[in-house]
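Student: return a 3D structure for these sequence lines:
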Amino acid sequence: MKVLVSSCLMGINCKYNGKNNKNQSVIHFLKEKDVICICPELLTGMGSPRPCVELVNGVAMDENGNNVDREFRSAVALALSQIQNEEIDFAILQSRSPTCGVNQIYDGSFTGKLIPGMGLFAKALKEKGYRVIDAEEL
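Tutor: Now for the predicted structure:
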């Protein structure tokens, strides 16, 4: 079984704040599975740390008011191209992320308020027919 997983869930420091979202439940679940770790933002060289980003009416904006939508969509396209020849059974993605959020994302006000929605990468994966699972569902 091959599983795509958000790199931050595996303990890789790739979040906007330079940290990770290491998730022992995910790591335990993935034992003895073929795992592909991915962080779309790092693929395009955004670096970590970087300014916090939320989706504002579907557009990726950073906390300083900069439109970073082009960079984030480029990151998603690059991530998709890297996995295009892989036979992935499903993806486990980080909750609430503007890239990887599956069920909820932040509302774009940078106040911590959550709304129903999907991050750009999660949505693109789903549109391509991949099964996506929120890490909190494990």
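
Student: centroid residue for this protein?
Tutor: For the chain, the residue lying nearest the average C-alpha position, counting by Cα atoms, centre = their mean, turns out to be Cys100 (2.5 Å).

Student: so what's that one closest to, chain neighbours aside?
Tutor: By the measure of Cβ to Cβ, 6 or more residues apart in numbering, the closest residue to Cys100 outside its immediate chain neighbours is Leu93, 3.8 Å from it. Using the backbone N, CA and C atoms, a C-beta is placed for each residue, glycine as well.

Student: thinking the one you found is in contact with Ile133, fair?
Tutor: Yes: in this structure, Leu93 sits in contact with Ile133. The criterion is Cβ atoms under 8 Å, and the distance is 7.2 Å.

Student: need the overlap of contacts for the two.
Tutor: Common neighbours of Leu93 and Ile133, using Cβ atoms under 8 Å, 6 or more residues apart in numbering, are Val102.

Student: when these two are compared, which one has more neighbours?
Tutor: Under the criterion of other Cβ atoms under 10 Å, the comparison of Leu93 against Ile133 puts Leu93 first, with 26 against 18.

Student: separation between that one and Thr111?
Tutor: Spatial separation of Leu93 from Thr111 under the definition Cβ to Cβ, to the nearest Å is 23 Å.

Student: packing partners for the helix or strand of the chain at the bottom of the mean pLDDT ranking?
Tutor: None of the helices or strands of the chain scores lower by mean pLDDT, DSSP states H and E than helix 40-43, at a mean of 95. Contacts of helix 40-43 with other secondary structure elements, assessed using 3 or more Cβ pairs under 8 Å, 6 or more residues apart in numbering; DSSP states H and E, are made with helix 69-83.

Student: who's in contact with the helix it packs on?
Tutor: 4, 36, 38, 40-41, 43-44, 46, 53, 59-61, 98-99, 120-121, 124-125, 128.

Student: quick check, Met61 in a strand?
Tutor: Yes: per DSSP: H, G, I helix; E, B strand; the rest coil, Met61 lies within a strand segment.
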